[in-house]
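# okay, predicted coordinates and the sequence, questions at the end:
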Amino acid sequence: MTRPASLAAAAVVAALALSACGGGATDPGAAPAPAVPAAEAGGPLDLTGVCPAKVVLQQDWQPEAEHGSMYALVGSDHTIDSGAKSVSGSLVAQGMDTGVDVEVRPGGPNVGFQPVPALMHLDDTIVLGAVTTDAAISGAAEQPTVAVASQMTVSPQILMWDPASHQGATTIRQVAAQGVPVVTSGDIIPALLESQGIMQKSQSDTSYEGTPARFVSDPTILQQGFATAEPYVYQNEIAEWGRPVGFEPLAKYGFSVYPEALAVRADKLEQLRPCLQKLVPIMQRSQLDYLKNPAPTNRLIVELVEAYQTGWSYSAGVADFSAKAQVEQGFVTNDPASGVFGQFDPARMQQIVSTFGPILQAQGTISTVPDPSSLYTNEFIDPSIKMEGP
């Protein structure tokens, strides 16, 4: 599920006074970037001749630590286009220059809130897009995509509450049973919880816009958020709140989508196959390398947020919190079924489609539930890439 306007760390009270990277490029007076060794010709990190000269990666929201694997590939020779809202530079993987460039584009308000599958079908220069499984189901008929690697294994989507207003409550079920409004940005989450008898339809309020005002003024509600952002932001960056929130991941209630999985256009899979054979393992490794050392990439992410000047606020503090939470709270793990990082579980994909297909069909979003096998492939996954244990 893509994030709504101003979700997650945008929940700070006021936008920071941001400075542009004027004219769309970095400071021309800056010191030259250090040289990066070239990948071995023809080796697994050499993308010349098999990938486009510029590998365009499309995210589904503003720059944030959850997208670290993409931004971690951007070399130190990068330039920032503050007008087009993109960053580009040499594609550097595992400390080696792959011989091609990379461009990372944010989503959300930067693209008029268009879903990534729609963007990929409008612009065929996009090689990989971040497509959460429910978005893939929604677009399967008109804008089909095929996921080629998972980056976050478990969705960090949460519902959160005020512990003081719901003393002793430790679960969504307990808070929802009190009949309070469940405030979300769309109707997928309420429909999922209603189907399990956790909430009543009358409790659904889909007016959430990502700001903290409603939660601060009415702390009895359940509100949508992300475990990798809101708990930190509300406690540390919202002066009107300034204390912990209670929360529980929606994954415990069947919200089992693969968040922001890397996908290609279905009709470009054959054309991109030689590229994907090398690029997908690079993406697998990039996520793991980022999480081992997130600080350099987080600095770039914060720099991009400041340069793009969209009103989105994202601090170094929340970026650091997010990178840690992704690992410590179990949102980024090896695939439990295979033990391989980035691999899709066929049984889970079947369950996702069985759960969300009928919901989307009932809501009129889709007319036909797609075949789960059409939404993903493990063909390009390197099974030797695994997340190390603690």
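Received, thanks. Bear in mind the structure is a predicted one, so any value in this text is a computation, not a measurement.
# could you chop the protein up by domain?
Domain assignment for the chain by automatic domain parsing gives 41-153+257-375, 157-253.
# could those domains go into TSV alongside mean pLDDT?
TSV is the format used below for the domains of the chain (pLDDT from 0 to 100):
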stretch	mean pLDDT
domain 41-153+257-375	98
domain 157-253	98
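# which one of the ones you listed lies closest to A35?
The closest of the domains of the chain to A35 is domain 41-153+257-375. By Cβ to Cβ, the value is 8.6 Å. Any C-beta I mention is one placed from the backbone N, CA and C, and that applies to glycine too.
# for the most centrally placed residue in the chain, which non-adjacent residue is spatially closest?
Centroid check for the chain by Cα atoms, centre = their mean gives E260 as the closest residue, at 4.5 Å. Nearest-residue entry for E260: A130, 3.8 Å, with adjacent residues in sequence omitted and distances by Cβ to Cβ, 6 or more residues apart in numbering.
# quick check: the one you found touching M283?
No. The pair A130 and M283 fails to qualify as a contact (Cβ atoms under 8 Å) at a distance of 10.9 Å.
# who touches both of these two?
Q151, L262 (Cβ atoms under 8 Å, 6 or more residues apart in numbering).
# the residue nearest to E260 looks like it's in a strand, true?
Yes. Counting by DSSP: H, G, I helix; E, B strand; the rest coil, A130 is found in a strand.
# report how many residues lie close to it.
By other Cβ atoms under 10 Å, the residues close to A130 number 25.
# I figured the residue nearest to the centre of the chain hits M152, correct?
Yes. Taking Cβ under 8 Å as the definition, E260 is a contact partner of M152 at 6.3 Å.
# for A227, list the residues it contacts.
A227 makes contact with P156, Q157, I158, F247, P249, A325, Q329, F331, according to Cβ under 8 Å, 6+ apart.
# now it: closest residue in space that isn't a chain neighbour?
With Cβ to Cβ, 6+ apart as the criterion, A227 has its nearest non-adjacent residue at 4.4 Å, and that residue is P156.
# quick one: that neighbour and T228 touch, right?
Yes. Under the criterion of Cβ under 8 Å, P156 makes contact with T228 at 4.6 Å.
# and for the two, which residues touch both?
Taking Cβ under 8 Å, 6+ apart as the contact rule, P156 and T228 both touch E66, A325, Q326, Q329, F331.
# next secondary structure after the one helix or strand S88 maps to?
Assigned by DSSP states H and E, S88 falls within strand 86-93. Using DSSP H and E, the helix or strand that follows strand 86-93 towards the C-terminus is strand 96-105.
# could you say which of the domains of the chain is packed most deeply?
Ranked by average neighbour count under the criterion mean count of other Cβ atoms under 10 Å, the domains of the chain are headed by domain 41-153+257-375 at a mean of 20.
# what's the span of that one from first residue to last?
33 Å (Cα to Cα, to the nearest Å).
# and what about the closest residue to G99 other than its chain neighbours, helix, strand or coil?
In space, and not counting its chain neighbours, G99 is closest to T48: 3.6 Å by Cβ to Cβ, 6+ apart. T48 falls in the coil class when you classify it by three-state DSSP.
# related to what we said a few turns ago, want to throw the contacts of A227 into a markdown table with distance to E240 and secondary structure?
Below are those laid out as a markdown table (distance: Cβ to Cβ, whole Å; DSSP: H, G, I helix; E, B strand; the rest coil):
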| residue | distance to E240 | secondary structure |
| --- | --- | --- |
| P156 | 24 | coil |
| Q157 | 24 | strand |
| I158 | 20 | strand |
| F247 | 18 | strand |
| P249 | 25 | strand |
| A325 | 23 | helix |
| Q329 | 26 | coil |
| F331 | 28 | coil |
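# can you lay out these as CSV showing distance to V56?
Below are these laid out as CSV (distance: Cβ to Cβ, whole Å):
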residue, distance to V56
P156, 26
Q157, 27
I158, 31
F247, 35
P249, 32
A325, 29
Q329, 31
F331, 26
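# name the nearest of these relative to A41.
For those, the residue nearest A41 by Cβ to Cβ is F331; the value is 37.3 Å.
# wait, isn't the closest one in contact with Q157?
No. Using Cβ under 8 Å, F331 makes no contact with Q157, being 9.9 Å away.
# identify the contacts common to these two.
Between them, F331 and Q157 share these contacting residues under Cβ under 8 Å, 6+ apart: A227, P259.
# which residues of the protein fall in strands?
Ranges of strands within the chain are 54-58, 79-81, 86-93, 96-105, 126-131, 145-149, 157-161, 182-183, 204-205, 222-226, 246-249, 261-265, based on DSSP state E.
# could you measure from E209 over to Q284?
35 Å (Cβ to Cβ, to the nearest Å).
# can you give me the helices for this structure?
Under the criterion DSSP state H, the chain contains helices at 68-71, 116-122, 133-139, 172-176, 188-195, 213-217, 230-236, 269-292, 295-308, 316-328, 346-362.
# quick one: closest of those to M387.
By Cβ to Cβ (comparing all of these), the closest turns out to be helix 269-292, at 5.8 Å.
# what sits up against the closest one?
44-47, 50-52, 55, 68-73, 93-94, 98, 127-128, 146, 148-149, 151, 262, 264, 297, 323, 326-327, 332, 341-342, 377, 379-382, 385, 387-388.
# and stretch 218-227, how far out from the chain's middle?
A distance of 20 Å separates the centroid of the chain from that of stretch 218-227, by Cα atoms, centre = their mean, to the nearest Å.
# I meant stretch 253-261, not that one.
On Cα atoms, centre = their mean, the centre of stretch 253-261 falls 11 Å from the chain's centre.
# do the same with stretch 337-355
That offset, for stretch 337-355, works out to 18 Å (Cα atoms, centre = their mean).
# and for stretch 124-143?
13 Å.
# what does stretch 266-284 give?
From the chain centre to the centre of stretch 266-284 is a distance of 20 Å (Cα atoms, centre = their mean).
# may I have that stretch as CSV, with CA atoms only?
Extracted C-alpha coordinates of stretch 266-284, given in CSV (Å, rounded to 0.1, in the frame of the first residue of the first chain):
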residue,chain,number,x,y,z
ALA,A,266,5.4,-7.2,-17.3
ASP,A,267,5.9,-6.4,-21.0
LYS,A,268,9.5,-5.5,-20.5
LEU,A,269,10.6,-8.6,-18.6
GLU,A,270,12.1,-10.3,-21.6
GLN,A,271,13.9,-7.2,-22.8
LEU,A,272,15.4,-6.5,-19.3
ARG,A,273,16.2,-10.2,-18.5
PRO,A,274,20.0,-9.8,-19.1
CYS,A,275,20.0,-6.7,-16.9
LEU,A,276,17.9,-8.2,-14.2
GLN,A,277,20.2,-11.3,-14.0
LYS,A,278,22.9,-8.9,-12.6
LEU,A,279,20.8,-6.1,-11.2
VAL,A,280,18.5,-8.1,-8.9
PRO,A,281,21.4,-9.7,-6.9
ILE,A,282,22.9,-6.2,-6.6
MET,A,283,19.6,-4.9,-5.2
GLN,A,284,19.4,-7.8,-2.7
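# fine by me, we can end here.
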